[in-house]
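Predicted model and sequence below, questions to follow.
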Amino acid sequence: MSWPHRLPVRVYFEDTDAGGIVYHATYLRWAERGRTESLRAINLPHQLLIARYSSMLVVRRVEVEYVAPARLDDSLIVETRVRRFRGASVDLAQDVIGEGGGVKARLQVGLVCVRAGDMRPQLIPEPWRGVFRQAAQAGCPASGPADEPAG
């Protein structure tokens, strides 16, 4: 798979507020689906990380900029890119884009790898580590060091 990953979504009634505009928290759900499907697309789903390494990638930070409203029945794309990789963390950029190419929302998401038992940070295991490192180097060379020790 090449990055960025693109996930199509459709706006349903349940995604909107009383005014027919996408409710702000809906973008977080779509972003989660985009992250999950990006890992599934490279045959490295969350469940494998949990089962094989007793580890999880958890959200430690999210920043959302709402650029333009999305409305009922709109067709959208959730685009996920790796911005930066560090030993125990990965930063992603996610855009929700309308049919005409206009950005509806921009998300900056920080994930950290933790042990399932005690939720303490740990290095992201291979092969996820290699995939994130490669994607960060290929997609965002100006974002800083691609691989730094866990902190």
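That came through fine.

and Tyr66, how many neighbours?
16 (other CB atoms under 10 Å). In this view, the C-beta of every residue, glycine as well, is placed from N, C-alpha and C.

Just the element for the closest residue to it other than its chain neighbours, please.
On the basis of CB to CB, 6 or more residues apart in numbering, the spatially nearest residue to Tyr66 that is not a chain neighbour turns out to be Ala105, at 5.3 Å. Ala105 is part of strand 103-115 when elements are defined by DSSP states H and E.

Average pLDDT for that strand, rounded please.
What strand 103-115 shows for mean pLDDT is 98.

And the helix or strand just after it, what's buried?
For strand 103-115, the following helix or strand on the C-terminal side (DSSP H and E) is helix 128-139. Residues Trp128, Arg129, Val131, Phe132, Arg133, Ala135, Ala136, Gln137, Gly139 are the ones in helix 128-139 that count as buried (16 or more other CB atoms under 10 Å).

For this protein, which residues score under the pLDDT cut-off?
1, 139-151 (pLDDT under 70).

Which helix runs longest in it?
As assigned by DSSP state H, the longest helix anywhere in the chain is helix 26-41.

what about the helix or strand following it, distance to the chain center?
Following helix 26-41 in sequence order, the next helix or strand is helix 46-53 (DSSP H and E). Between the mean C-alpha location of helix 46-53 and the chain-wide mean there is a distance of 18 Å, by CA atoms, centre = their mean, to the nearest Å.

quick one: contacts of helix 46-53?
Contact with helix 46-53 is made by Thr36, Leu39, Ser55, Met56, Leu57, Ala116, Pro125, Trp128, as judged by CB atoms under 8 Å, 6 or more residues apart in numbering.

with those in mind, which one is nearest to Val78?
Thr36 (10.6 Å; CB to CB).

State the number of residues packed around Met119.
10.

In contact with it, which residues?
Under the criterion of CB under 8 Å, 6+ apart, the neighbours of Met119 are Val58.

on that earlier part again, so the residue nearest to Tyr66 makes contact with Glu65?
Yes - applying CB atoms under 8 Å, one finds Ala105 in contact with Glu65, separated by 6.6 Å.

Please identify which of these two sits among more neighbours.
Ala105 (24 against 10).

For that one, list each beta-bridge partner.
Judged by DSSP bridges, the bridge partners of Ala105 are Tyr66, Val96.

Quick check on the contacts of helix 46-53: which are buried?
Thr36, Leu39, Ser55, Leu57, Trp128.

Before I go, just wanted to say thanks for your time.
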